[in-house]
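[1] sequence and predicted structure are below.
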Amino acid sequence: MNLASSRWVITGASGGIGQALVEELCRRGARVLVAGRQADTLYALAERHPQRVRVVVADLRTPAGRQAVVDAARDIGHVDGLVNAAGVNHFGLFDGMDDAAIEQMVALNLTATLQLTHAMLPLLRERPHAMVVFLGSIFGSIGYPGQAVYSATKFALRGFAEALRRELADGPVRVLYAAPRSTRTAMNADAMVQMNRQLQVAMDPPEAVARRIADALRDGRKEIYLGSPEKFFVRLNGLLPRLVDRALRKQLPVIQRFARQPSEGTASP
């Protein structure tokens, strides 16, 4: 896809990878409609790129919010792609989570993403070439202790992306599933950052992740997994999961110690 003449809707643009992707696409000449609840942050993006960024303030978890995004997308003339980057994380042991935290993660990471994609598909089908992008995670292929619910939402999102790609194979809309490894964003709680440091787990800057995703959009890729060791463990987990079980069992005491700290990542809605 020629990014210089493309128009995108991006959710989760108030921080982290979503915001970095807005900056990257604008740098490459694209125009972007950013959608979410954090009005101040979104309008700051529009001020930095007054000719390229438009804002729609909406709660994607509600029908009215999703319709507002569709209406705003229709107003800009056409849309070449939808990037589903909105999400929330909670680093902690599953037995310590309450129902509200579980519900919030599933509602934003999964349900709202599927529903917005469903609402946007008619617009995307009007274009000769269009894309839907799902921001997943390495934890969508490797279930990780302390990330049980987050992993569940990303496993489901990966399966949905795969099924939707096959369902749309005879039409103009393509599907990209992007799976970053740990990234230095506000979504990651301080405890998880400290744990990654102790376990010597690499964390990418969001700008580097955004460049890789933008390259994948340009090249029409179907899937991208970031991080060589992580890609290897994804394959290993698929073929020989007991080896990954053993590796993570050795890390478990460290993971449990940090996961029991009272900290929570933030949303990018």
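    That came through fine. Residues are numbered from 1 along each chain as shown.
[2] quick one, helices of this structure?
    Using DSSP state H, the helices found in the chain span residues 16-27, 39-48, 63-75, 99-106, 112-124, 148-167, 190-199, 206-219, 228-239, 241-259.
[3] show me what contacts Ile102?
    Val149 (Cβ atoms under 8 Å, 6 or more residues apart in numbering). C-beta coordinates here come from the backbone N, C-alpha and C atoms, glycine included.
[4] distance of it from Asp95?
    According to Cβ to Cβ, to the nearest Å, Ile102 stands 12 Å off from Asp95.
[5] likewise for Ala210?
    35 Å.
[6] and if you look at Ala39?
    In terms of Cβ to Cβ, Ala39 sits 36 Å off from Asp95.
[7] now Pro145
    Separation of Pro145 from Asp95 (Cβ to Cβ): 12 Å.
[8] who has more neighbours out of the two?
    Pro145 (16 against 6; other Cβ atoms under 10 Å).
[9] what's around the residue lying closest to Arg61 once chain neighbours are set aside, how many residues?
    Distances taken as Cβ to Cβ, 6 or more residues apart in numbering put Ala112 closest to Arg61, at 4.7 Å, once the chain neighbours are dropped. By other Cβ under 10 Å, 22 other residues sit near Ala112.
[10] is it correct that Ala112 is in contact with Leu60?
    Yes: under the criterion of Cβ atoms under 8 Å, Ala112 makes contact with Leu60 at 4.3 Å.
[11] anything in contact with each of those two?
    Counting by Cβ under 8 Å, 6+ apart, the contacts common to Ala112 and Leu60 are 66, 86.
[12] show me the contacts for the residue nearest to Leu176 when sequence neighbours are not counted.
    Distances taken as Cβ to Cβ, 6+ apart put Val133 closest to Leu176, at 4.7 Å, once the chain neighbours are dropped. Counting by Cβ under 8 Å, 6+ apart, Val133 touches 81-85, 175-178, 213, 217.
[13] do Thr41 as well
    Contact partners of Thr41, counting by Cβ under 8 Å, 6+ apart, are 13-15, 19.
[14] go on, Gly65?
    Here Gly65 is in contact with 58-59 (Cβ under 8 Å, 6+ apart).
[15] again, only this time at 10 Å
    By Cβ atoms under 10 Å, 6 or more residues apart in numbering, Gly65 lies in contact with 35-37, 56-59, 112, 115-116, 269.
[16] ok, and the most crowded of those?
    Neighbour max across the contacts of Gly65 (other Cβ under 10 Å) = Ala35, 33 neighbours.
[17] doesn't Asp71 make contact with it?
    No: the criterion here is Cβ atoms under 10 Å, and Ala35 misses it with Asp71 at 11.1 Å.
[18] please name the nearest non-neighbouring residue to Asp204.
    Leaving out its chain neighbours, the residue that sits closest to Asp204 by Cβ to Cβ, 6+ apart is Thr183, at 5.1 Å.
[19] what's the burial count for Leu199?
    11.
[20] surely Arg212 touches Asp204?
    Yes: shown here, Arg212 and Asp204 form a contact pair, counting by Cβ under 10 Å, at 8.8 Å.
[21] overlap in contacts of the two?
    Shared contacts of Arg212 and Asp204, defined by Cβ under 10 Å, 6+ apart, comprise 180, 226.
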